[in-house]
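>>> Got a sequence here, can you build the structure:
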Amino acid sequence: MSKWTVKLGAAELNDVLSDAFPSDARIDLVREVSPGRVRLVRPFHASMLRPGELISGPTLMNLADNAAYVLVMAHVGAELMAVTTSLTIQFLRGAKPGEIHAEAQLLTLGRRLAVCDVRLWTESPERLAAQATITYARAG
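Numbers count the residues shown, from 1 in each chain. As a prediction, the model looks like this:
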């Protein structure tokens, strides 16, 4: 049995994101939520590419940060004022054009801080493009 309890599911998290960031088009990034984990998928757009026809680093960092934010909210509720305090990312190989998948896992969840591991890929989970460790400070 997992020590994490899910408070918000994928549909609820997508609604929270849509309400909190109304200037963004509704994408429904969150695909799956389970205790201690979330999975997001960002649809491909040509604007994500850098020279060399690979997905840019800032695009990958953005999705990693979104995944950690959503992961925290999935387990504590719509705590919109949680903020990134640390994001360390390792780029492992070029991300080929395509949907970007992010799988985030809780490492710790405390009253003040949450630490998450995020893995990103476009081809397959066996061919990671990047891995990030992200810490969020919780509001209150």
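>>> mind checking pLDDT for Ile27?
Predicted confidence (pLDDT) for Ile27: 79.
>>> Check the one 10 residues further on too.
The confidence metric pLDDT takes the value 98 at Arg37.
>>> what residues are up against it?
Leu71, Glu103, Ala104, Gln105, Leu106 (CB atoms under 8 Å, 6 or more residues apart in numbering). Where you see a C-beta, it was placed from the backbone N, CA and C, and this is true even at glycine.
>>> Assign a three-state SS to Ala132, would you?
The three-state assignment at Ala132 reads strand, by DSSP: H, G, I helix; E, B strand; the rest coil.
>>> Show me where this structure has its strands.
30-34, 37-42, 49-50, 54-55, 83-91, 100-109, 113-121, 130-137 (DSSP state E).
>>> Distance to Ala10 for those - can I get that in JSON lines?
What follows is the strands of the chain, written out as JSON lines (distance: least, CB to CB, whole Å):
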{"stretch": "strand 30-34", "distance to Ala10": "4"}
{"stretch": "strand 37-42", "distance to Ala10": "8"}
{"stretch": "strand 49-50", "distance to Ala10": "28"}
{"stretch": "strand 54-55", "distance to Ala10": "23"}
{"stretch": "strand 83-91", "distance to Ala10": "22"}
{"stretch": "strand 100-109", "distance to Ala10": "13"}
{"stretch": "strand 113-121", "distance to Ala10": "17"}
{"stretch": "strand 130-137", "distance to Ala10": "19"}
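>>> Leu109 - how many residues pack around it?
18 (other CB atoms under 10 Å).
>>> do the same with Thr108
9.
>>> Buried residues in the longest helix seen in the chain, which are they?
Taking DSSP state H as the criterion, the chain has its longest helix at helix 57-76. By neighbour count with 16 or more other CB atoms under 10 Å, helix 57-76 contains the buried residues 59-61, 63-76.
>>> same question, stretch 116-126
So stretch 116-126, judged by 16+ other CB under 10 Å, has buried residues Cys116, Asp117, Val118, Arg119, Leu120, Trp121, Thr122.
>>> I'd guessed the first one sits against Leu107; true?
Yes: between Cys116 and Leu107 there is a contact under CB atoms under 8 Å: 6.3 Å.
>>> tell me the phi and psi of the spatially closest residue to Pro97 that is not a sequence neighbour?
Nearest non-adjacent residue to Pro97, counting by CB to CB, 6 or more residues apart in numbering: Phe44, 5.8 Å away. Dihedral angles of Phe44 (phi, psi; degrees, to the nearest 10) stand at phi -70, psi 140.
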